[in-house]
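Asks: quick one, fold the following:
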Amino acid sequence: MRILFILTLLVFPFMSNGQASNYIQLSEKAQISLVTCGSGEDLYALFGHSAVRVYDPERKFDIVYNYGVFDFDTPNFYLKFTAGKLPYKVAPNHYSRFVKAYIRRDRSVSEQELNLSQEEKQAVFEYLENNLKPENRYYQYDFFFDNCATKIRDIFQDVLGDKLKFYEDPADEGKTFRNLIDEYLIYSPWADFGIDLALGSKTDDIVQLDDFMFLPEYMEKAFGMATLSNDENGTIPFVKSKKVLYEASPLKKPTGIIAYPFRLIGLLCLVLVSIEALLFKKGSQRYILEGTLFLVIGIVGLILTLLWFATDHNITVTNWNLLWANPLYLLAAFWAFKGKSKPKFFAGLAVSEALVLISFIFLPQALHIACIPIIILLAVCNLRIAYQGQRLR
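Replies: Model prediction:
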């Protein structure tokens, strides 16, 4: 990427109006397009991708500006990625290579040529080139509000100002961020479960007009519906033409019990509740099963707490999953393995789980349905330990 960028700067310096210029002066034949890439099978590819193409046949210039690039050589890469502190950047790609790379991965690619004047094309191009400067190319990634798609939206809004007007599709009215990402996660049920655990209540906010465009396919639709005020022609469509470069094979929904968290977890919890009933009937005072469960839940709760308080992710705060996946379960696991019943403590946990279950559909955050059997199992386990401890007193 760096070599291509350096060559671009070396090969394409031009002069304009007799004065030195850092930018190419685009010809009348230049085109600027939004390139949209569809979903892929991998988790990182599920939500699609966007880029801007600048094509000038007279200048032999055909570059895609890609705002979804990060550097694996970044010091402490995984720590920064987890903490939400990994910098992303814009990088240039040759158009044909960019498109071929997505076609090889069987991902749809479409292109919308934008209805811009010569001055607007030049302004957008110079904005993009200015973003490539070392001091400008990096930005702090945010999944909802500052990603590969929203950066592109912001460019055109900055350059075109009030001349550019977007419209909301009535069919999208009232959708939340969680509703939108769920449309893509139907192909990865376990990823859906994990994401629902990690993301907090902000994910259930109603999406505003501009914010729909954090998803590339929604931005493609928004561009297609948008209008542009033009001094010569009045109001014109923002998109001049659209072409589909490649149509991918449709993604397939997984099948089987294992593929769906609710089915597998529900079945597992049913078996464990049955075991709990047998242990209760026998009056067993060994809590190995409960301790193991509590340890797992406590670790989950600890991770959710760290995502809330120890990272820069603003979408993992105020996570109501902590009502049932409480880090206190780490203490509960310790006491369970030690055989200490602590009736009041475990009774309190059982009551809290019951309250979460009762208020499940009324919480300000949509919890995943697979949480229900886990909550029931936790309540049953806590009740058994509390009852045994109280009986021994």
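Asks: how about the residue positioned nearest the centre of the chain, nearest residue that isn't a chain neighbour?
Replies: A centroid search over the chain (C-alpha atoms, centre = their mean) returns residue 143, at 4.8 Å, as the residue closest to the centre. Nearest residue to residue 143, sequence neighbours excluded (C-beta to C-beta, 6 or more residues apart in numbering): residue 315, at 6.3 Å. No exception for glycine: its C-beta is placed from N, CA and C like everyone else's.
Asks: phi, psi of the residue lying closest to residue 142 once chain neighbours are set aside?
Replies: Once flanking residues are discounted, residue 142 sits nearest to residue 314: 7.0 Å by C-beta to C-beta, 6+ apart. Backbone geometry at residue 314, expressed as degrees, to the nearest 10, gives phi -80, psi 0.
Asks: ok, residue 314 touching residue 201?
Replies: No - with contact defined as C-beta atoms under 8 Å, residue 314 and residue 201 do not form a contacting pair (11.5 Å).
Asks: between these two, who's got more neighbours?
Replies: Applying other C-beta atoms under 10 Å to residue 314 and residue 201 shows that residue 201 carries more neighbours, namely 17 against 14.
Asks: return the residues in contact with the more buried one.
Replies: 318-320, 364-365 (C-beta atoms under 8 Å, 6 or more residues apart in numbering).
Asks: repeat that for residue 176.
Replies: Residue 176 neighbours (C-beta under 8 Å, 6+ apart): 203-207, 366.
Asks: got the domain ranges for the protein?
Replies: The record's domain parsing of the chain by automatic domain parsing lists 2-167+209-246, 261-392.
Asks: make a markdown table out of the ones you listed and add distance to residue 184 and mean pLDDT.
Replies: Below are the domains of the chain laid out as a markdown table (distance: least, C-beta to C-beta, whole Å; pLDDT from 0 to 100):
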| stretch | distance to residue 184 | mean pLDDT |
| --- | --- | --- |
| domain 2-167+209-246 | 5 | 88 |
| domain 261-392 | 15 | 93 |
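Asks: run through who's touching stretch 321-336.
Replies: Counting by C-beta under 8 Å, 6+ apart, 196-197, 287-288, 290-292, 294-295, 297-302, 304-305, 308, 341-342, 345-346, 349, 352-353, 355-356, 363, 365, 367, 371, 374-375, 378, 382, 385 sit against stretch 321-336.
Asks: any idea how far that stretch is from the chain center?
Replies: Relative to its chain's centre, stretch 321-336 lies at 28 Å (C-alpha atoms, centre = their mean, to the nearest Å).
Asks: gap between the closest residue in space to residue 85 that isn't next to it in sequence and residue 153?
Replies: Sequence neighbours aside, residue 312 is the residue nearest to residue 85 in space, at 5.5 Å (criterion: C-beta to C-beta, 6+ apart). To residue 153, residue 312 is 22 Å away according to C-beta to C-beta, to the nearest Å.
Asks: which one of those two has more residues nearby?
Replies: residue 153 (22 against 13).
Asks: spit out the contact partners of that one.
Replies: Residue 153 neighbours (C-beta under 8 Å, 6+ apart): 210, 213, 219, 222.
Asks: so it: helix, strand or coil?
Replies: helix (DSSP: H, G, I helix; E, B strand; the rest coil).
Asks: now residue 68, what's its secondary structure?
Replies: strand.
Asks: give the contact list for it.
Replies: 49-51, 88, 147-148.
Asks: between those residues, which has the most around it?
Replies: residue 51 (29 neighbours).
Asks: ok, that residue - contacts?
Replies: 34-35, 37, 64-68, 93, 98, 148, 152.
Asks: which element is it on?
Replies: strand 49-56 (DSSP states H and E).
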